[in-house]
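J.: Next comes the sequence, and after it the predicted model I'd like to discuss.
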Amino acid sequence: MDATTDKDPLVQEQIYNALCYLGESEPEEILNSCDEYLRQHDKLAYPHRVIILKAMETVVKNNITLLDKSTAKEVIRDWQQAASNVLVAVGQRFINKVMEEVLTKFQPGILPHYFVMQTFANLSVSNGE
């Protein structure tokens, strides 16, 4: 997975494709490996983190019926946390665009999802002056 940091888009695409291919035969193993890699490399640049997150998304979508309930729950929580972190990081430069997107998740009369609230709060903290 270290090759995701390669600047060549073809190499990045090959890594994505390889993760998805391996995920077809061993979805839980690949999801756990990706999760562990992201935890160990919390300073990984966000464009490279997104490659791994997209591969995880594809593996989950293509194998949802095969996943153990506890694995699926853990992956979804981790994936949502990682996605929230990406939005907060992007928001440090493009706060208006990110806030516009996050605010669309607030609907009258509906309690927002936990990660929407967490993202909103973290955006506020990271951009407070």
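T.: Yep, that arrived.
J.: Show me how far the longest helix anywhere in the chain is from its chain's centre.
T.: The helix that spans the most residues within the chain, counting by DSSP state H, is helix 69-91. Between the centre of helix 69-91 and the centre of its host chain there is 5 Å, according to C-alpha atoms, centre = their mean, to the nearest Å.
J.: What residues of that helix count as buried?
T.: Using 16 or more other C-beta atoms under 10 Å as the test for burial, helix 69-91 gives 71-72, 75, 78-80, 82-88, 91. (Each C-beta comes from the backbone N, C-alpha and C, glycine too.)
J.: Just name whatever secondary elements that helix is in contact with.
T.: Counting contacts by 3 or more C-beta pairs under 8 Å, 6 or more residues apart in numbering; DSSP states H and E, helix 69-91 is packed against helix 27-40, helix 46-63, helix 95-103, helix 114-126.
J.: still on that earlier bit, which two from the buried residues of helix 69-91 end up farthest apart in space?
T.: Within those, 71 and 91 form the most distant pair, 30.0 Å apart (C-beta to C-beta).
J.: where does this protein have low pLDDT?
T.: Of all residues in the chain, those with pLDDT under 70 make up the ranges 72, 129.
J.: quick one, what contacts the closest residue in space to residue 122 that isn't next to it in sequence?
T.: Of all residues not flanking residue 122 in the chain, residue 88 sits nearest, at 4.6 Å (C-beta to C-beta, 6 or more residues apart in numbering). Contact analysis of residue 88 by C-beta atoms under 8 Å, 6 or more residues apart in numbering lists 98, 119, 122-123, 126.
J.: Which of those residues are buried, as a ChimeraX select command?
T.: The ChimeraX selection below is limited to those of these classed as buried (16+ other C-beta under 10 Å):
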select :98,119,122,123
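J.: now the contacts of residue 88 in CSV, with distance to residue 26?
T.: As requested, the contacts of residue 88 are exported to CSV (distance: C-beta to C-beta, whole Å):
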residue, distance to residue 26
98, 35
119, 31
122, 33
123, 36
126, 36
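J.: Good, we can wrap up now.
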